[in-house]
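> Below is the sequence, then the predicted model.
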Amino acid sequence: MSRHLAPLALAIAMTATACAPRYVDADYAVAQPSGPYRLASGDRLRIIVFGQDNLSNIYAVDGAGRISMPLIDTIEAQGHTTQQLEKAIEGRLRRGYLREPKVSVEVDTYRPFFVLGEVTNSGQFPYVNGMTVQTAVAIAGGFTPRGQRSSAEVTRQVDGQLVTATVPITYAVQPGDTIVIKERWF
């Protein structure tokens, strides 16, 4: 390669590197879901109290992270797993209402996720198990012609704080996430 072409090749290589997407930060890797699903505001739960049809129903987790049931009033659901909530409800029902309560809790409808930016239809959408950023974009009608197709910004609540990071489109989405598709430059 000639002496005059070397700086040009270096400049092209540096420009290409600068345009490459930045993927998951080391700090954000801990935000990747691990362990069982934790309940939060916006989730709708199907609660079945065996042998008690009048207590079995679908209950919404309110803005304070609680559900309200007949006989036991409100009970904290925020941050608990479905199994933990089952045990808490059984404990409350055991205190003067039922002898040996058996309770089943399952998520009927997950809280929604949000997609903004360079997608055909920005907005709020119902969460689907196992979804990635790419499937979230498909639910939002796909990328606009200017949408960056290799990465996105995902904002998620981790340990009570909002964390935002640039992630690949194969990254797992969780209920409540906000996904922003940026505009690409080229």
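Arrived safely.

> and the gap between the closest residue to Pro112 other than its chain neighbours and Asn54?
Leaving aside its sequence neighbours, Pro112 sits nearest to Gln124 (CB to CB, 6 or more residues apart in numbering; 4.6 Å). Where you see a C-beta, it was placed from the backbone N, CA and C, and this is true even at glycine. Distance, Gln124 to Asn54, using CB to CB, to the nearest Å: 33 Å.

> Report the secondary structure state of the residue nearest to Pro112.
Gln124 carries the three-state label strand when classified by DSSP: H, G, I helix; E, B strand; the rest coil.

> Run through the strands of the chain in chain order.
Per DSSP state E, the chain carries strands over the ranges 44-49, 57-60, 66-69, 73-76, 103-109, 113-117, 123-125, 151-158, 161-168, 178-181.

> For Phe143, find the nearest of these.
Closest of the strands of the chain to Phe143 is strand 178-181, at 6.6 Å (criterion: CB to CB).

> Check which strands are paired with that closest one and give the direction for each one.
strand 113-117 (parallel), strand 151-158 (antiparallel) (DSSP bridges).

> neighbours around Phe86, how many?
Wrong residue type there; residue 86 is Glu, not Phe. Residues lying near Glu86 (other CB atoms under 10 Å) number 19.

> what sits against it?
103-105 (CB atoms under 8 Å, 6 or more residues apart in numbering).

> Using a markdown table, lay out those residues together with distance to Glu118 and pLDDT.
Putting these into a markdown table (distance: CB to CB, whole Å; pLDDT from 0 to 100) gives the following:
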| residue | distance to Glu118 | pLDDT |
| --- | --- | --- |
| Val103 | 45 | 96 |
| Ser104 | 42 | 97 |
| Val105 | 38 | 97 |
